[in-house]
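**Student:** Here's my sequence, what's the structure:
(one chain, ligands or ions: 2)
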Amino acid sequence: MAFAGRNSHHGNRDFWSFRSSMTARLSSSRLRPLPQPQCLQILASHRIKPKTLFENVPHQMLFSSVPLQLAPDIWLLAGFAAGYDLLESIHAVAGSAGFRHCVVPGGKRMSVAMTNCGQLGWVSSSSGYAYLPYDPLTQLAWPAMPAIFKKLAIEAAKTVGWPNFKPDSCLINRYEAGAGMGLHQDRDERDLSAPIVSVSVNASAKFMIGGLRRDEPVKSIELHDSDVMVWGGRSRLIFHGVRPLPKNQSALRYNLTFRQAG
Ligand code: MD3
Ligand code: FE
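**Tutor:** Ligands and ions are numbered 1, 2, ... in the order given. This is a model prediction of the structure:
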């Protein structure tokens, strides 16, 4: 970070030497400097520049919010994915297996576009739903699950009490303005005792959480970029959905759904 050009006598010095020279000048003037936060004192005594430390902090230490249990065995880890560059990997996957709008058995085209990575991918057509080991558009295996995806999903599940989660499938949903997903259950997975981990990316959406029967009341919760949810146990078969994104919204929302499908 350079301040070149703005003020000639600051030259090309970086932010940290700029800051300490300002601190020194303030101490020698009649202006009382702000007290040094204790974390900066500790960093200084270890001769660590905060920006260097930040880059080296394990993700688990940067994540500081408390997991919230929204309902039996539904956990919200707000902001848990903040340290991960998920968009880059989403674009890489979509470069090999493009986003497409599937048709559901009733014959309607889904407003959500999707693709997959990992051993198995969820697809839908007029004849039904299935987990397939290849992309039906190309007959090629789905792209491998990016290492950061797998790490994120396993860490999230472990954090809320699922230490053995081994995702073999990641469905990537893409929502544009007006796109949503009606109330449904996820019941195509072989082992319903494994949890599902879902990650919201890039834009917010209102998520609907119902009950174990379709006619039970539905609650809405707004999910934001980097929020992670873990669903398992008593809530594995609840009805859920996504309210349509506002018509005037330009940002795309992505959702990653990690499953043990096979
Ligand atoms: C609750 N996708 O693809 S994942 C789906 O935002 C789907 O794209 C949503 O629902 C989305 O099937 C949210 C959250 C989710 C996934 C599976 C669940 C919630 C679940 C299974 C049981 C209960
Ligand atoms: Fe679902």
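
**Student:** only C-alpha atoms for contact and neighbour calcs from this point on.
**Tutor:** Fine.

**Student:** Leu212 versus the spatially closest residue to Val66 that is not a sequence neighbour, what's the distance?
**Tutor:** Using CA to CA, 6 or more residues apart in numbering and skipping residues adjacent in sequence, the residue nearest Val66 is Leu77, 7.1 Å away. Distance of Leu77 to Leu212, given as CA to CA, to the nearest Å: 22 Å.

**Student:** Which of the two has more residues huddled nearby?
**Tutor:** Set Leu77 next to Leu212 and count neighbours by other CA atoms under 10 Å: Leu77 wins out with 23 against 15.

**Student:** need the contact list for that one.
**Tutor:** Each residue near Leu77 by CA atoms under 8 Å, 6 or more residues apart in numbering is listed here: Ser65, Val66, Pro67, Leu68, Ala156, Asp227, Val228, Met229.

**Student:** Just the pLDDT at it, thanks.
**Tutor:** With respect to pLDDT, Leu77 scores 94.

**Student:** Can you name the residues bridging to it?
**Tutor:** For Leu77, the beta-bridge partners under DSSP bridges are Val228.

**Student:** wait, isn't Ser96 in contact with Leu140?
**Tutor:** No: Ser96 is beyond contact range of Leu140, at 9.4 Å (criterion: CA atoms under 8 Å).

**Student:** These two - which one has more neighbours?
**Tutor:** Using other CA under 10 Å as the criterion, Ser96 and Leu140 rank with Ser96 on top: 16 against 12.

**Student:** shaky segments in the protein?
**Tutor:** Along the chain, the parts satisfying pLDDT under 70 run over 1-44, 46-64.

**Student:** number of nearby residues for whatever residue of it ends up closest to ligand 1?
**Tutor:** Closest residue of the chain to ligand 1, CA to the nearest ligand atom: Arg236 (4.2 Å). Arg236 is flanked by 21 other residues according to other CA under 10 Å.

**Student:** Those residues of the protein touching ligand 1, which are they?
**Tutor:** For the chain, the residues in contact with ligand 1 (CA under 6 Å from any ligand atom) are 173, 186, 196, 198, 231, 235-238, 240-242, 255, 257.

**Student:** just to revisit the earlier point, and the residue nearest to Val66, how far from Gly178?
**Tutor:** Applying CA to CA, the value for Leu77 to Gly178 is 26 Å.

**Student:** what about Trp162, neighbour count?
**Tutor:** Residues near Trp162, counting by other CA under 10 Å, number 16.
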